[in-house]
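Visitor: here you go, sequence then predicted model.
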Amino acid sequence: MQASPKTFAQLETFLAKDITQMFGASLGGLGVNGLFRHASYCTENSVFIALPGQRVHANSFAAQAVQAGARLMITDQCPAAIPESLVVWLVPALAERLATLANWFYDHPSRELCLIGITGTNGKTTTSFLTAQALHKLGHRVALMGTLGAGVYPDLVSTGHTTPDILTIQAWLYAAQQQGCKYAVMEVSSHAVVQGRIDGLAFAVKAMTQVTEDHLDFHGSLQAYHQAKMDFFLRSLPGQSGYWVINQQDSVGQQLLKAIASYPSEAMPLLAGYYPRESAPAFAGPNPNSLSLVKHKALAKGYQLDLAWQKKRFQLNSSLLGEYNIENLLCSLRILLAVGFNLADLVALAETLHAPSGRLEQVSCVKPLQVVVDFAHTTDALRQVLLTLNKQRSAIDKTAALWVVFGCGGDRDKTKRPAMTSVAYQLADHLVLTSDNPRSEQIDMIFNDMLAGLPSGYDQLKIMIQPDRQLAIEAALAGAKEGDWVLIAGKGHETTQEINGIYFAFSDQQVIKDWTP
């Protein structure tokens with residue numbers, strides 16, 4: 001990734017008031033080839049930014065940074081040992097200065113791009129993908145960062161995080177600008193908001209999909225989680241509120257609107273609402289400047305949508321499966337309207353948009369089954385997918401059974417485990433409980449938490465437990481009868497299974513394609 005043309009001397013000048021100690025000789029006019037939070041990511045003539053981690057301080061990896069090519073380490077704490085070839089600057093307030101440093105080093109790239117940030121519990125990945133896909137089809141170079149990876153759409157490389165650290169984000173934005181992108185679309189996680197990973201970014205558009213419950217292990221409470229989602233909007237840079245695309249039928253979206261009701265007019269963001277469900281709420285009612293779903297009708301493949309916008313009606317056919325994808329599509333369309341596109345032009349375009357891999361993705365297998373892979377790994381997401389597939393199978397064959405294969409991640413929120421099982425038991429005919437990135441947890445402990453969601457006297461013939469995910473998928477495919485529906489939930493587009501710190505190659509889609517009866 002190309003670095004901003006800054007020298008070590010310029011960097012020293014910028015941080016002059018913050019540096020309290022310096023170890024090693026000046027690096028002068030040598031060019032800096034990037035700022036990195038992880039020692040292994042460092043490149044020749046780069047800077048290693050060492051801050052406290054969850055277990056150890058990053059400055060303990062100084063030797064690895066040198067081996068990777070770093071010439072300078074900036075840290076908030078003196079390391080126990082300094083490699084001979086490494087220059088070290090001590091900056092006690094480094095964490096607080098990081099966003100400002102990144103902005104300066106990469107020349108404030110978010111100011112030069114139309115940066116679109118999308119948050120929400122469910123839907124942000126699909127909405128981001130649809131938005132980037134649409135901009136690409138409209139003839140623009142667009143950068144995309146999120147769960148699916150980062151890069152210039154459609155060429156994405158995995159980053160391992162929905163929203164990475166601020167240095168990685170700024171480098172990505174700078175690279176996007178250098179590659180001729182006009183737009184950049186990124187997912188914004190609640191972790192990123194709380195941890196300051198998006199501080200200093202100038203968003204032209206901030207959008208919210210639906211917000212339910214997730215990451216309570218990190219936030220501690222549902223209220224704190226919801227507040228983090230709202231803080232993405234409320235912590236706007238002075239004079240740079242931009243457009244706020246708000247789901248006006250979401251309770252957190254409504255809370256956000258109430259929170260800014262007393263704002264003075266000069267501080268008020270440009271509100272761009274959308275009503276993704278047919279019944280508009282009584283508290284507001286359909287607004288001509290809000291994009292509203294008037295009605296929808298299920299088709300063999302997707303939906304026919306009747307939309308209202310600025311007192312005009314529009315109709316489009318979407319190939320997206322799932323009613324919640326109607327919400328994602330409307331959010332994406334409202335974003336595109338906010339940045340200046342015309343709905344009449346977007347209608348024909350919307351009919352060509354497809355969902356990303358692993359989002360209600362239909363996968364063919366040798367047996368005549370309806371097999372769907374989806375990323376659903378929260379209670380609400382699993383509920384929505386199962387409801388969607390129940391409607392689809394009822395429209396085709398009411399006698400068809402619905403199977404679901406799913407697990408719960410290890411070292412993550414334990415409260416959702418019984419809730420997900422409860423939802424699956426209520427909405428599916430057959431459940432196959434399996435592993436889904438157990439990480440360092442024992443799979444039996446995860447299963448115990450999941451089984452707690454079953455009702456007393458539950459039908460044991462309805463439940464199967466198979467720790468090996470491949471065998472679990474194969475068992476569901478073998479057990480399902482012709483015409484049945486099989487949902488493989490939780491991993492979606494992922495191509496690995498994490499067990500005890502090791503990432504094993506694994507793809508739900510590949511298991512389905514390779515299976516033979």
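Guide: Perfect, I can see it now.

Visitor: make it CA atoms for all contacts and neighbour counts henceforth
Guide: Fine.

Visitor: helix or strand right after the helix or strand hosting Ile446?
Guide: Here Ile446 sits within helix 443-451, counting by DSSP states H and E. Along the chain past helix 443-451, the next helix or strand (assigned with DSSP H and E) turns out to be strand 463-465.

Visitor: mind listing residues that contact the helix or strand following that following strand?
Guide: Scanning forward in sequence from strand 463-465 by DSSP H and E, the next helix or strand is helix 469-479. The set of residues external to helix 469-479 that reach it, using Cα atoms under 8 Å, 6 or more residues apart in numbering, is 367, 403-405, 432-436, 465-466, 486, 488, 508, 511-512, 515, 517.

Visitor: which helix is the longest one in this structure?
Guide: Secondary structure of the chain per DSSP state H: the longest helix is helix 379-396.

Visitor: surely Leu144 forms part of a strand?
Guide: Yes. Under DSSP: H, G, I helix; E, B strand; the rest coil, Leu144 sits within a strand.

Visitor: residues near it, how many?
Guide: By the other Cα atoms under 10 Å criterion, the neighbourhood of Leu144 contains 28 residues.

Visitor: I'd say it and Val188 touch.
Guide: No. At 11.8 Å, Leu144 does not count as touching Val188 under the criterion of Cα atoms under 8 Å.

Visitor: let me see the mean pLDDT of the longest helix of the chain.
Guide: Looking at helix 379-396 alone, the average pLDDT works out to 89.

Visitor: packing partners for that helix?
Guide: helix 416-427, strand 485-489 (3 or more Cα pairs under 8 Å, 6 or more residues apart in numbering; DSSP states H and E).

Visitor: what lines up beside the helix or strand following the first one in the sheet?
Guide: Under the assignment DSSP H and E, the closest C-terminal helix or strand after helix 416-427 is strand 430-433. Within its sheet, strand 430-433 is paired with strand 402-406 (parallel), strand 463-465 (parallel), according to DSSP bridges.

Visitor: now the helices and strands packed on helix 379-396 as TSV including mean neighbour count?
Guide: Listed next are the helices and strands packed on helix 379-396 as TSV, based on neighbours: other Cα atoms under 10 Å:
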stretch	mean neighbour count
helix 416-427	21
strand 485-489	27
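
Visitor: need these in CSV (columns: distance to Ile198 and mean pLDDT).
Guide: Listed next are the helices and strands packed on helix 379-396 as CSV, based on distance: least, Cα to Cα, whole Å; pLDDT from 0 to 100:
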stretch, distance to Ile198, mean pLDDT
helix 416-427, 27, 98
strand 485-489, 30, 98
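
Visitor: could you dump those to TSV with distance to Val294?
Guide: What follows is the helices and strands packed on helix 379-396, written out as TSV (distance: least, Cα to Cα, whole Å):
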stretch	distance to Val294
helix 416-427	28
strand 485-489	30
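
Visitor: let me know the secondary structure of Gln255.
Guide: Per three-state DSSP, Gln255 ends up helix.

Visitor: count the neighbours of it for me.
Guide: Neighbours around Gln255, by other Cα under 10 Å: 15.

Visitor: just the one 3 residues further on next, same as before
Guide: Other residues lying near Lys258 total 11 when counted by other Cα under 10 Å.

Visitor: can you give me phi and psi for it?
Guide: Lys258 adopts backbone torsions of phi -70, psi -30, taken as degrees, to the nearest 10.

Visitor: next, the buried residues of the helix holding Ile446.
Guide: Applying a neighbour-count criterion of 16 or more other Cα atoms under 10 Å, one finds Ile443, Ile446, Phe447, Asp449, Met450, Leu451 buried in helix 443-451.

Visitor: swap in stretch 199-213?
Guide: 199-213.

Visitor: rewinding a little: could you dump the strands paired with strand 430-433 into TSV with mean neighbour count and mean pLDDT added?
Guide: Listed next are those as TSV, based on neighbours: other Cα atoms under 10 Å; pLDDT from 0 to 100:
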stretch	mean neighbour count	mean pLDDT
strand 402-406	25	99
strand 463-465	15	98
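
Visitor: and Pro269, which of those is closest to it?
Guide: Closest to Pro269 of the strands paired with strand 430-433 is strand 402-406 (Cα to Cα; 40.9 Å).

Visitor: quick one: the closest one to strand 485-489, angle?
Guide: If you take axes from the mean of the first three to the mean of the last three Cα atoms, to 10 degrees, strand 402-406 sits at 20 degrees to strand 485-489.

Visitor: tally up the residues packed near Gln178, please.
Guide: Neighbour tally, Gln178, other Cα under 10 Å: 12.

Visitor: any idea how far it lies from Asp155?
Guide: 16 Å (Cα to Cα, to the nearest Å).

Visitor: and the contacts of stretch 51-65?
Guide: Contact with stretch 51-65 is made by 37-42, 48, 50, 73, 75-80, 82-83, 94-95, as judged by Cα under 8 Å, 6+ apart.

Visitor: do that again at 7 Å, thanks
Guide: Ala39, Ser40, Cys42, Phe48, Ala50, Thr75, Asp76, Pro79, Pro83 (Cα atoms under 7 Å, 6 or more residues apart in numbering).

Visitor: those residues: which two are farthest apart?
Guide: The widest separation within the contacts of stretch 51-65 (Cα to Cα) is 19.3 Å, between Ser40 and Asp76.

Visitor: ok, those two, which is more surrounded?
Guide: Asp76 (20 against 16).

Visitor: with Leu51 as the reference, measure out to that one.
Guide: Taken as Cα to Cα, the span from Asp76 to Leu51 is 6 Å.

Visitor: how about Leu299?
Guide: 53 Å.

Visitor: then Thr388?
Guide: For Thr388 relative to Leu51 (Cα to Cα), the value is 45 Å.

Visitor: one more: Gln460?
Guide: Gln460 is 51 Å from Leu51, by Cα to Cα.

Visitor: between the two, point out the one with more neighbours.
Guide: Leu51 (18 against 8).

Visitor: for the record, mean pLDDT for stretch 131-142?
Guide: pLDDT averaged over stretch 131-142 gives 98.

Visitor: gap between the two ends of it?
Guide: One end of stretch 131-142 sits 9 Å from the other (Cα to Cα).

Visitor: please work out which residues outside that stretch touch it.
Guide: Applying Cα under 7 Å, 6+ apart, the external contacts of stretch 131-142 come out as Leu144, Val152, Tyr153, Gly180, Cys181, Lys182, Tyr183, Ala184, Val185, Ser332.

Visitor: excluding its backbone neighbours, what's nearest Thr388?
Guide: Of all residues not flanking Thr388 in the chain, Gly322 sits nearest, at 5.2 Å (Cα to Cα, 6 or more residues apart in numbering).

Visitor: from Asn390, how far out is the one you found?
Guide: To Asn390, Gly322 is 10 Å away according to Cα to Cα.

Visitor: now do Gln227
Guide: Taking Cα to Cα as the measure, Gln227 and Asn390 are separated by 33 Å.
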